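[1] would you be able to build a 3D model of this:
(one chain, ligands or ions: 1)
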Amino acid sequence: MKHHVLAALIASAFALTACDQKFEAKPEDTATSAASEQQADDSVAQGELPVIDAVMTQAPNVPPPIDRDYPAKVIVKMEVIEKVMKMADGVDYKYWTFGGDVPGKFIRVRQGDQVEVQFSNHPDSTVPHNVDFHGVTGPGGGAEGSFTAPGHTSTFSFKALQPGLYIYHCATAPVGMHIANGMYGLILVEPKEGLPKVDKEFYVVQGDFYTKGKYGETGLQPFDMEKAIKEEPEYVVFNGHVGAIAGDNALKANVGETVRIFVGNGGPNLVSSFHVIGEIFDTVRVEGGDLVNKNIQTTLVPAGGAAIVEFKLDVPGSFTLVDHSIFRAFNKGALGQLKVEGPANKEIYSGKLSDSVYQPEGGAIQTVPLTASEAARVAAGPAKAENKDDQIKLGQAIYNANCMACHGAEGKGVAGAFPPLAGSDYLNADPKRGIHAILRGVSGKVTVNGQEYNSVMPAVALNDEDAANVLTYVLNSFGNNGGQIHASDVAKERQSK
Ligand SMILES: [Cu+2]
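    Here you go, the predicted structure:
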């Protein structure tokens with residue numbers, strides 16, 4: 001947690017000025033339920049509320065928990081900025097943002113707070129914008145009160161009546177387009193008693209993007225209204241960009257820590273099946289509300305909705321965040337990582353204990369339904385390679401079953417997403433890198449033929465022979481420089497740490 005931010009928050013809590021104390025209540029802001037709540041719980045009258053500047057953070061950071069036990073008038077300053085940013089490697093997009101990135105900044109207030117939104121639209125903006133807070137009780141969630149032309153600032157105020165995790169988004173026509181360009185974020189209205197303490201909190205929002213060019217097609221990509229109407233996004237991503245929370249940008253925590261992720265879904269269209277590979281959510285605050293569900297594998301996050309998931313980290317490793325509508329994860333970008341460091345616990349997870357040859361009795365094995373990779377192997381003939389030519393032949397089937405989906409039939413990869421194996425200077429410079437890629441996966445920045453990739457390749461579960469064969473195939477195909485990898489090379493790499 002950022003202690004200096006917390007200190008600033010406390011300091012500003014007492015920065016009272018005479019004019020700040022005058023709260024201008026508009027009739028629609030003080031609904032009767034608001035008034036009675038206030039009388040019941042708050043001893044401080046509205047006009048005397050201390051004035052605080054909201055601590056707001058860029059994803060994946062979350063403002064510190066609120067340790068006030070009294071309501072305040074919280075000033076939320078929002079600025080709309082339209083700007084070109086990287087969607088993926090080589091792919092640019094003109095985002096419309098709250099505060100300069102997607103999602104907009106995380107806002108954290110306390111149930112019962114009076115929130116004053118000072119909403120500015122940058123003079124360089126091309127269109128008006130506004131904001132609809134799902135945590136607001138009032139027409140449009142503030143949309144009409146915040147409708148703002150370029151170069152103007154609007155102010156409106158609301159009372160945070162109900163605790164929960166809420167999406168906010170732009171609601172200026174055409175609404176879908178404003179949201180599709182990245183105009184959403186999360187506001188947490190913390191319950192008066194606060195949330196249970198955890199060690200780390202993260203902020204993750206999914207969104208779908210509609211570009212004229214196909215996934216990975218380079219250059220500045222315009223918004224495609226037709227694809228948006230058909231709900232056929234090219235990109236589905238966490239925190240606005242492919243790789244925003246993967247590789248070097250991965251979320252980080254330690255074994256033994258408890259983690260809370262505030263998950264939002266800006267949409268505009270898709271519902272997320274949020275899942276963390278290799279973890280079970282100890283608790284899920286379903287849809288961001290009061291209902292707590294336990295021991296959950298995957299939770300639905302509706303478009304324009306949220307969820308709070310919590311789990312304890314028992315073992316180290318890389319845990320992958322996905323939308324379990326899984327093609328979105330591996331082919332459209334909805335993939336993030338939580339990297340956990342610390343001592344292993346072999347009882348909870350052993351890792352791979354052994355890899356021995358399996359020789360079933362008799363020939364009945366052929367009649368068992370085959371997986372794709374097994375089928376490919378059967379089609380390729382005997383699994384034992386006598387020489388390099390055999391290796392190449394066997395390796396091709398293994399390639400088609402295990403690598404082709406990402407690296408392509410011709411090994412050309414997908415620009416901006418999957419690096420080429422064809423003529424790869426990275427691989428040809430040291431073919432053993434291929435062994436490492438298969439056994440341990442690849443993440444972080446990799447430069448292949450002058451193009452930078454910053455994505456994730458999961459380790460591929462192949463035995464020593466298969467790994468050697470597929471690499472020998474790759475090295476002798478797609479215009480690569482030739483070479484041979486032996487099963488013993490793979491075994492050696494497997495042993496080394
Ligand atoms: Cu807008």
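[2] can you point me to the longest helix in this structure?
    Within the chain, and with DSSP state H defining each element, the longest helix by residue count is helix 388-402.
[3] only alpha carbons, please: show it as PDB.
    The C-alpha trace of helix 388-402 is given here as PDB (Å, rounded to 0.1, in the frame of the first residue of the first chain):
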ATOM      1  CA  LYS A 388      17.000 -36.500 -38.000                       C
ATOM      2  CA  ASP A 389      14.600 -37.000 -40.900                       C
ATOM      3  CA  ASP A 390      12.300 -39.100 -38.600                       C
ATOM      4  CA  GLN A 391      12.500 -36.300 -36.100                       C
ATOM      5  CA  ILE A 392      11.400 -33.700 -38.600                       C
ATOM      6  CA  LYS A 393       8.500 -35.900 -39.800                       C
ATOM      7  CA  LEU A 394       7.300 -36.600 -36.200                       C
ATOM      8  CA  GLY A 395       8.000 -33.000 -35.200                       C
ATOM      9  CA  GLN A 396       5.600 -31.700 -37.900                       C
ATOM     10  CA  ALA A 397       2.700 -33.500 -36.300                       C
ATOM     11  CA  ILE A 398       3.600 -32.200 -32.900                       C
ATOM     12  CA  TYR A 399       4.000 -28.700 -34.300                       C
ATOM     13  CA  ASN A 400       0.500 -28.900 -35.900                       C
ATOM     14  CA  ALA A 401      -1.100 -30.100 -32.700                       C
ATOM     15  CA  ASN A 402       0.800 -27.800 -30.200                       C
END
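[4] and Gly112, what are its phi and psi?
    Per-residue torsions, Gly112: phi 100, psi -10 (degrees, to the nearest 10).
[5] give me the domain ranges for this protein.
    Structural domains assigned to the chain are 51-195, 203-341, 382-495, following the TED database.
[6] contacting residues for the residue nearest the centre of the chain?
    Centroid-nearest residue in the chain, with CA atoms, centre = their mean: Phe238, separated by 2.8 Å. The neighbourhood of Phe238, defined by CB atoms under 8 Å, 6 or more residues apart in numbering, consists of Val204, Val205, Gln206, Ala244, Ile245, Leu321, Gly333, Ala334, Leu335, Gly336. Just so you know, the C-beta spots here come from the backbone N, C-alpha and C atoms, and that holds for glycine as well.
[7] got those as a markdown table, with distance to the ion, pLDDT and neighbour count columns?
    Compiled in a markdown table, the contacts of Phe238 are given as follows (distance: CB to the ion, whole Å; pLDDT from 0 to 100; neighbours: other CB atoms under 10 Å):
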| residue | distance to the ion | pLDDT | neighbour count |
| --- | --- | --- | --- |
| Val204 | 22 | 98 | 24 |
| Val205 | 16 | 98 | 28 |
| Gln206 | 19 | 98 | 27 |
| Ala244 | 21 | 97 | 22 |
| Ile245 | 24 | 96 | 21 |
| Leu321 | 27 | 96 | 26 |
| Gly333 | 23 | 95 | 29 |
| Ala334 | 23 | 96 | 28 |
| Leu335 | 27 | 94 | 26 |
| Gly336 | 26 | 95 | 28 |
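[8] most widely separated two among these?
    In these, two members sit farther apart than any others by CB to CB. They are Val205 and Leu335, at 14.4 Å.
[9] next SSE after the longest strand seen in the chain?
    Looking across the chain with DSSP state E, the single longest strand is strand 73-88. Toward the C-terminal end, the helix or strand that comes next after strand 73-88 (DSSP states H and E) is strand 91-98.
[10] just the residues contacting that next one, thanks.
    The set of residues external to strand 91-98 that reach it, using CB under 8 Å, 6+ apart, is 78-87, 101-102, 104-105, 129, 131, 168, 170, 178, 181-185, 209, 211, 213, 216-223, 240, 242, 416.
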